[in-house]
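S.K.: below are the sequence and a predicted model for it; my questions follow.
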Amino acid sequence: MDPTMWPAHTELTTDDVVVAAVSMVRLAGLTGTPCVHTAEQAPPRYRPRTWSPREVSVAVASVVRVRRPRTGVVLLELDAVLPRDAVLDQVRLIGRASTAAPTWTYVVSPCAEADDGPFHRLPAPLPADVHEGDLICFPCVTAIRHRDVVEPVRAEVLR
């Protein structure tokens with residue numbers, strides 16, 4: 001964990017991320033997914049006198065579908081849109097502890113301004129036994145809103 005990427009007062013446990021005494025597993029249980037928690041930025045190791053904290057966020061998404069087309073490739077579909085400011089090399093599996101070996105994972109979901117099409121590779125590996133219903137959590141370097149992670153509803157016009 002890179003503490004400068006997560007909000008201040010973030011603690012990692014084997015199956016949860018707690019930000020300023022707020023459990024991300026509990027937050028997702030109460031509000032549903034996707035959900036967002038905004039908190040104050042952690043101070044840098046060497047900070048100038050003029051430094052002042054800004055707001056950063058943590059997003060929680062649920063795994064909707066998992067496909068394994070071949071050995072070593074895991075495709076995930078999430079119920080959230082990955083925001084542009086997400087720090088995906090810090091992604092964490094929460095809600096359960098896993099002892100499975102880590103594997104490279106690709107997210108198949110609408111990605112905000114994705115350069116690699118419908119597939120978006122997560123720079124951090126997730127456990128190989130990831131399955132539907134699992135929760136993943138990742139920080140965002142800016143304050144995001146709930147509407148930033150919810151897939152927009154496309155209205156159909158009837159004639």
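M.R.: Received, thanks.
S.K.: drop to CA atoms for contacts and neighbour counts, all remaining ones
M.R.: Will do.
S.K.: so in the chain, which strand runs the longest?
M.R.: strand 55-67 (DSSP state E).
S.K.: show me what that strand is packed up against.
M.R.: strand 35-40, strand 74-78, strand 135-140 (3 or more C-alpha pairs under 8 Å, 6 or more residues apart in numbering; DSSP states H and E).
S.K.: between the ones you listed, which gets nearest to D2?
M.R.: Taking C-alpha to C-alpha, strand 135-140 is the member of the helices and strands packed on strand 55-67 nearest to D2, at 10.4 Å.
S.K.: ok, residues contacting the helix or strand following that closest one?
M.R.: Counting by DSSP states H and E, the element after strand 135-140 in chain order, helix or strand, is helix 146-149. For helix 146-149, contacts defined as C-alpha atoms under 8 Å, 6 or more residues apart in numbering pick out 34-36, 59, 80-83.
S.K.: which one of the residues you listed sits closest to W104?
M.R.: Of those, the one sitting nearest to W104 (C-alpha to C-alpha) turns out to be L82, at 17.1 Å.
S.K.: and the helices and strands packed on strand 55-67 as JSON lines, adding mean neighbour count?
M.R.: Listed next are the helices and strands packed on strand 55-67 as JSON lines, based on neighbours: other C-alpha atoms under 10 Å:
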{"stretch": "strand 35-40", "mean neighbour count": "21"}
{"stretch": "strand 74-78", "mean neighbour count": "22"}
{"stretch": "strand 135-140", "mean neighbour count": "24"}
